[in-house]
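Student: Here's a sequence, model it:
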Amino acid sequence: DAFFSLQKPLAILIEPNSIGSTFPSNVVGQIVGQVVKTGELLNGPVELDLYDDEGNRITVIDLTRALAGPHAAQMLGDQGARVIKVETPGTGDDTRSWGPPFVGGEEHISTYYLSCNRNKESIALDLKDEADKAVLEGMVRKADVLMENFRTGVMDKLGIGYEALSAINPKLIYCAVSGF
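Tutor: Alright, predicted model coming up:
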């Protein structure tokens, strides 16, 4: 099972019809139930309203790979969020080459990749390159959510962990997805 470690106080859905409290607009949406403290793990259903108070779509930066993270970000895209997937320059996401089966003639895009990445925009950034990190930081300034599933400590080592990114955008919801 995958767990979501959130770096902002949120709440988990306990009862489907218990909507009654409104959270600040910097939270992804109206989420009902027991408040989860910063750093706690969520492993239950979450009900999200993916539009802010002005009716604008929530923007999600997707730094995830493999299955749990891309699928979670895809579900946000399916619900109406704007999801921007960050891929490796030259090769894209590793799962683009996982197969067979492939589709697309000479492009040979993996059906595995396609099954986890619909409703997303894409940008290629080298997270070890200072200029590309500056592009990511610019995206973070305008984003509502950032999702990543690197090994623990990798984002900090790259200089783009929670502390660094929340300094750029204090309202950013940072979600680390791990299958471990």
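
Student: Worst mean pLDDT across the helices and strands of this structure, which element?
Tutor: strand 10-12 (a mean of 34; mean pLDDT, DSSP states H and E).

Student: For this structure, give me the ranges with low pLDDT.
Tutor: 1-53, 55, 107, 179-180 (pLDDT under 70).

Student: Quick check: longest helix in it by residues?
Tutor: In the chain, with assignment by DSSP state H, the single longest helix is helix 130-142.

Student: What is the subsequent helix or strand relative to that helix?
Tutor: Counting by DSSP states H and E, the next helix or strand C-terminal to helix 130-142 is strand 145-148.

Student: just checking, what packs against the helix or strand following that next one?
Tutor: Once strand 145-148 ends, the next helix or strand along the chain (criterion: DSSP H and E) is helix 154-158. Judged by 3 or more Cβ pairs under 8 Å, 6 or more residues apart in numbering; DSSP states H and E, helix 154-158 is in contact with helix 162-168. Placement of C-beta: from N, CA and C, glycine included.

Student: helices or strands next to the helix it packs on in the packing?
Tutor: Using 3+ Cβ pairs under 8 Å, 6+ apart: helix 162-168 touches helix 130-142, helix 154-158, strand 173-178.

Student: Each with direction, which strands does the last one pair with?
Tutor: Strands flanking strand 173-178 in the sheet, each with its direction: strand 3-6 (antiparallel), strand 145-148 (parallel) (DSSP bridges).
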